[in-house]
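Trainee: Here is the input, now give the coordinates:
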Amino acid sequence: MISAEEKAKETKEIKNPKRKNSSAALNAALIAVMTAITAICSYITIPVGPVPFTLQTFAVFCAAGMLGAKRGTLSVIVYLLLGLIGAPVFSSFKSGPAVLFGPTGGYLIGFIFLSLIAGIVIDKFGSKWYIMMTGMTIGLAVDYFLGTAWFIIQQNGAVTVSEAFEKCVLLFIIPDLVKMAAAIVISIQVRKRVKFLNVDGRRAIRTAEGE
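Mentor: Okay, the predicted model is just below:
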């Protein structure tokens with residue numbers, strides 16, 4: 001709940017173009033940094049079947065845990081758009097529509113929903129570890145569902161649901177849970193030390209300035 005004093009300050013900030021521009025610059029910088037981290041994590045790859053093992057999921061967990069729904073999801077969207085237009089940001093330095101819309105592209109697109117769902121839960125209910133875990137688990141389940149469904153469609157019925165689950169999901173559950181746990185620990189510590197990550201927009205600038 002925002003107090004009357006905070007509302008008055010935000011009203012004043014709206015009339016201050018310099019403060020508004022600073023807020024936009026801060027958010028853009030945070031999104032850019034997380035996009036870069038996601039790209040770097042994608043380069044750490046271990047081939048294990050049709051879906052490679054990477055640290056992309058860890059980066060998406062961190063995006064939601066540190067930046068919340070709006071900024072975290074935007075960082076994922078920017079990452080995917082960079083890959084779509086040809087920047088080598090996907091695993092094994094790949095890029096282009098053939099990757100994003102290929103057999104395993106559903107898992108990449110599912111990152112949007114993973115970050116969005118986890119971020120919404122965190123923004124609404126707080127950044128306790130069990131809240132983060134709940135949001136990230138729901139988001140990961142949606143990512144698994146979308147990615148597996150798209151993989152089956154791409155195979156034109158050549159694989160069953162159980163076969164697709166075994167090839168594309170089963171091997172990744174435990175590693176993804178480990179990545180989730182690491183992301184939660186890191187996100188909580190970063191939020192404690194970087195206070196303006198706990199708020200968004202104009203209030204982020206106000207917090208960073210110590211008002």
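Trainee: Excluding covalently adjacent residues, which one is nearest to residue 88?
Mentor: Excluding the flanking residues, the one nearest residue 88 by CB to CB, 6 or more residues apart in numbering is residue 95, at 4.8 Å. In short, each C-beta sits where N, CA and C put it, glycine included.
Trainee: In a helix, the one you found, correct?
Mentor: No. Residue 95 is assigned coil when assessed by DSSP: H, G, I helix; E, B strand; the rest coil, not a helix.
Trainee: for it, phi and psi?
Mentor: phi -160, psi 180 (degrees, to the nearest 10).
Trainee: what mean pLDDT would you report for stretch 164-173?
Mentor: For stretch 164-173, mean pLDDT is 92.
Trainee: got it, and stretch 186-205?
Mentor: Mean pLDDT, stretch 186-205: 70.
Trainee: Could you do stretch 54-70 as well?
Mentor: Averaged over stretch 54-70, pLDDT sits at 96.
Trainee: can you dump the C-alpha coordinates of that stretch into CSV?
Mentor: Taking Å, rounded to 0.1, in the frame of the first residue of the first chain, the C-alpha atoms of stretch 54-70 are listed here in CSV:
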residue,chain,number,x,y,z
THR,A,54,22.5,-24.8,-20.6
LEU,A,55,22.4,-22.2,-17.8
GLN,A,56,19.7,-20.2,-19.7
THR,A,57,17.0,-21.4,-17.3
PHE,A,58,19.2,-20.2,-14.3
ALA,A,59,19.4,-16.7,-15.9
VAL,A,60,15.7,-16.6,-16.5
PHE,A,61,15.1,-17.6,-12.8
CYS,A,62,17.5,-14.7,-11.8
ALA,A,63,15.7,-12.3,-14.1
ALA,A,64,12.4,-13.0,-12.4
GLY,A,65,13.9,-13.1,-8.9
MET,A,66,15.9,-9.9,-9.2
LEU,A,67,13.9,-7.8,-11.6
GLY,A,68,10.3,-8.9,-11.1
ALA,A,69,7.7,-9.5,-13.8
LYS,A,70,8.0,-6.4,-16.0
